[in-house]
Every structure is written in C-alpha cells, then in structure tokens.
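In: I'd like to go over a predicted model; first the sequence, then the structure.
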Amino acid sequence: MFEPTSRYAGLATRTITTPEGRLVTYVARRTVPPAAAYVVAGGVTTSDSDRLDNIAHRYLGDPLGLYQVADANEAMHPMELTAEPGRRLVIPLPRHPGATS
C-alpha cells in the first residue's frame, strides 16, 4: 500500500463498518519513535531559506525523509523546525535501504 520509504510502510490496516454499513479501511496509528531511537549522523543550522524536505533530501537522500528529521528532533509540528533561522537540527542516519547520508 505504501512505498518502502514511507513512514507508514509496514503499519497494519484496520477496517470499521459505518452505521450505514459501509466498510472503511484505515492505517493503524503510527507510534513515533523516541529521538533516542535514531543514530545521530550530524547536525545542521537552519537558514531563512531552508525547508525541511530540502534538508532531508540533502542529508538523507530523500525529501520524504523529512519525518525522520522531525522525529529525531522531537517535533510535533515539523515545519516549525525551519520557521526560525539559526535553529540547530539533529540529522539522523537514514532509516531505510538505499538512502544516502
């Protein structure tokens, strides 16, 4: 259902039946790994032109890895990580095959 690099890859799906009798399939809740579960590869200080997807692409080799950067920095709202220039971000090692650091 999801690409192997997706944060949702490997999650179970569940099905509910609505009161109208319609079956709805959904992905089970994703448990966010603690920041300590990531191996730190380095860090980066944000600039005013940074975007999290570009940072992920630059350091992890995949713009969709932005959630890994967010998780490693314990960000509930990932885009806040680049809202203020000068913030120091932890860059984790990539967590999927084929990524580069």
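Out: That came in fine, so what should we check first?
In: and the helix or strand bottoming out on mean pLDDT in the chain, what does it pack against?
Out: Confidence across the helices and strands of the chain bottoms out at helix 66-72, with a mean of 92, counting by mean pLDDT, DSSP states H and E. Packing partners of helix 66-72 (3 or more CB pairs under 8 Å, 6 or more residues apart in numbering; DSSP states H and E): helix 52-60, strand 88-92. No exception for glycine: its C-beta is placed from N, CA and C like everyone else's.
In: between these, which one is nearest to residue 32?
Out: Closest approach to residue 32 among the helices and strands packed on helix 66-72 (CB to CB): strand 88-92, 13.1 Å.
In: quick check: angle from the closest one to helix 52-60?
Out: On the basis of axes from the mean of the first three to the mean of the last three CA atoms, to 10 degrees, strand 88-92 is oriented at 50 degrees to helix 52-60.
In: and strand 88-92, which residues are buried?
Out: Judged by neighbour count using 16 or more other CB atoms under 10 Å, the buried positions of strand 88-92 are 89, 90, 91, 92.
In: measure the second one to residue 40 for me?
Out: Okay, so that is residue 90. 5 Å (CB to CB, to the nearest Å).
In: okay, and the common contacts of these two?
Out: Both residue 90 and residue 40 are in contact with residue 72, where contact means CB atoms under 8 Å, 6 or more residues apart in numbering.
In: for residue 36, find the nearest of the helices and strands packed on helix 66-72.
Out: For these, the distance to residue 36 is smallest for strand 88-92, at 10.8 Å, taking CB to CB.
In: ok, now which ones touch residue 35?
Out: Neighbouring residues of residue 35 by CB under 8 Å, 6+ apart: 71, 72, 73, 74, 90.
In: may I see the ChimeraX selection of the buried members of those residues?
Out: Provided next is the ChimeraX selection string for whichever of the contacts of residue 35 are buried by 16+ other CB under 10 Å:
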select :71,72,73,90
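In: circling back: just the CA coordinates for the least confident helix or strand of the chain, please, in CSV.
Out: Presented in CSV, the C-alpha positions along helix 66-72 are these (Å, rounded to 0.1, in the frame of the first residue of the first chain):
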residue,chain,number,x,y,z
LEU,A,66,11.6,14.9,6.5
TYR,A,67,9.6,12.9,9.1
GLN,A,68,12.8,11.2,10.2
VAL,A,69,14.4,14.6,10.8
ALA,A,70,11.2,15.7,12.6
ASP,A,71,11.1,12.6,14.8
ALA,A,72,14.8,12.9,15.6
